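A.B. asks: Fold the following and give me the result.
(one chain, ligands or ions: 1)
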Amino acid sequence: MIAKLLKGKKVADRLKPGIQQRAAVVTESRGSPPLLAVLAVGGDAASQVYLRSKLQACKEAGVEATVESLPESASEPEILTLLRKLGADPTVDGILVERPLPSKLDALRITEAVCAEKDVEGVTTANYGRFCSAKTLADMRAAGILIPCTADAILQLLLETGVDVQGLEAVVVGRSNIVGRPTAHLLSCLNATVTLCHSRTRDLPRHLKGADIVVAAVGEPHFIQGGWLKPGAIVLDAGIHGAGPDIRGDVDFEAASRVASYITPVPGGVGPLTVICLLDHVVLSAERRTRQSLAS
Ligand SMILES: NC(=O)c1ccc[n+]([C@@H]2O[C@H](COP(=O)([O-])OP(=O)(O)OC[C@H]3O[C@@H](n4cnc5c(N)ncnc54)[C@H](OP(=O)(O)O)[C@@H]3O)[C@@H](O)[C@H]2O)c1
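C.D. replies: The predicted structure is shown next:
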């Protein structure tokens, strides 16, 4: 079997004009474009490349972006003060904290310092709690709940297949709060039967062998082998390693694409759509804030 490609870039190109149009409406109604404030602490070459691609996407969509770059050595109080300042700044619509953060920092405390109203990643306890308490996608949409961006991108690519997910076996490898866990919740909302695997999982290949849907959010290049997959599986790879032509995902793409029915390429899969989900959330926040300020 040769898998069909789930091209996030193609979906992103389809969604971009709508976001551009909404950003233009905000700009016209209040005289300033939606504004995203990015906080970057340290960061390797790959993170820089990914950040540049987000800034370029903002520019193309008519969303302004500012970057607060702090050195790897920045202290937690310094970061918390900056986040509180951005939270109180009336010109800022969305706040994004670049990840991974240096390991010496308490990522949870930093996440919690983001103003929930401007939390465009949907990762603060307030927003994440609302997300987790929703039982269906319809409930999430009706309540205007933000889905964490990468999980949102994975969901949209899965929906692109047109496959009815209900009752299918899904295995998510990785349980971070920004990728693995929220994706597992979304799959459960679609009525898949979900197994959440992690570094202590015994015999991962055995779990994968029964999976109709595999989500890779491991953080190890080419970790998931083609031979571990069930023939016809849908494979969604969140992994990003390296930069430029050497960029790789968490799945051994060559081998997996001979076994899977659908697969996301890296690059051009989950990554570009995650950026579009982020832009969508920034514009959504700007729209809400514009409505609120016009009403007051
Ligand atoms: N496309 C995007 O927009 C986007 C956004 C964010 C991240 N990413 C990428 O997505 C991947 C995951 O990111 P993350 O932030 O979720 O990573 P993370 O916080 O480091 O989490 C990795 C997860 O993988 C699990 N894991 C590690 N080694 C394993 C093993 N040998 N077997 C099974 N599970 C294992 C860990 O288990 P434990 O919990 O037991 O430690 C953990 O739950 C990375 O490649 C990252 O670059 C992509």
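A.B. asks: All the strands of the stretch 51-200 of the chain, in order from the start?
C.D. replies: 64-70, 94-97, 169-173, 193-197 (DSSP state E, counting those that start in this stretch).
A.B. asks: Quick one: distance of the longest helix that the chain contains to the chain centre.
C.D. replies: When the chain is parsed with DSSP state H, its longest helix is helix 270-295. Helix 270-295 has its C-alpha centroid displaced from the chain centroid by 14 Å (CA atoms, centre = their mean, to the nearest Å).
A.B. asks: residues touching the residue of the stretch 1-150 of the chain found nearest the ligand, list them.
C.D. replies: The stretch 1-150 of the chain approaches the ligand most closely through residue 150 (4.1 Å), counting by CB to the nearest ligand atom. For every residue, glycine as well, the C-beta is placed using N, CA and C. The contact partners of residue 150, taken as CB atoms under 8 Å, 6 or more residues apart in numbering, are 178-179, 182-183, 217, 238, 270, 274, 277.
A.B. asks: how about the helices of the stretch 51-200 of the chain, start to end?
C.D. replies: Assigned by DSSP state H, counting those that start in this stretch, the stretch 51-200 of the chain shows helices spanning 76-88, 107-112, 125-133, 137-142, 149-160, 180-189.
A.B. asks: how about the fourth one as CSV, C-alpha atoms only?
C.D. replies: The C-alpha atoms that make up helix 137-142 are tabulated as CSV, following Å, rounded to 0.1, in the frame of the first residue of the first chain:
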residue,chain,number,x,y,z
LEU,A,137,-16.6,18.8,19.1
ALA,A,138,-20.0,20.4,18.7
ASP,A,139,-20.0,21.4,22.4
MET,A,140,-16.5,22.9,22.0
ARG,A,141,-17.6,24.9,18.9
ALA,A,142,-20.8,26.1,20.6
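A.B. asks: what about it, distance to the chain center?
C.D. replies: Using CA atoms, centre = their mean, the offset of helix 137-142 from its chain centre is 18 Å.
A.B. asks: pLDDT of it, averaged?
C.D. replies: What helix 137-142 shows for mean pLDDT is 95.
A.B. asks: which parts of stretch 8-15 are buried?
C.D. replies: 8-9, 11-12, 15 (16 or more other CB atoms under 10 Å).
A.B. asks: Could you export the residues you listed as TSV, including secondary structure?
C.D. replies: Putting the buried residues of stretch 8-15 into TSV (DSSP: H, G, I helix; E, B strand; the rest coil) gives the following:
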residue	secondary structure
8	helix
9	helix
11	helix
12	helix
15	helix
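A.B. asks: can you tell me the average pLDDT over the longest helix of the chain?
C.D. replies: 94.
A.B. asks: Would you indicate which residues of that helix are buried?
C.D. replies: Result for helix 270-295 [16+ other CB under 10 Å]: buried residues 270-287, 289-290.
A.B. asks: Any stretches of the protein with poor pLDDT?
C.D. replies: Along the chain, the parts satisfying pLDDT under 70 run over 1.
A.B. asks: Try it again at 90.
C.D. replies: Applying pLDDT under 90 to the chain picks out residues 1, 43-50, 53, 100, 242-246, 292-296.
A.B. asks: Up against the ligand, what does it have?
C.D. replies: 150, 173-176, 178-180, 197-201, 204, 217-220, 238-240, 250, 270-271, 274 (CB under 6 Å from any ligand atom).
A.B. asks: Among those, name the buried ones.
C.D. replies: By 16+ other CB under 10 Å, the residues of the chain next to the ligand give 150, 173-176, 178-180, 197, 204, 217-219, 238-240, 250, 270-271, 274 as buried.
A.B. asks: orientation of the longest helix of the chain relative to helix 149-160 in degrees?
C.D. replies: 110 degrees (axes from the mean of the first three to the mean of the last three CA atoms, to 10 degrees).
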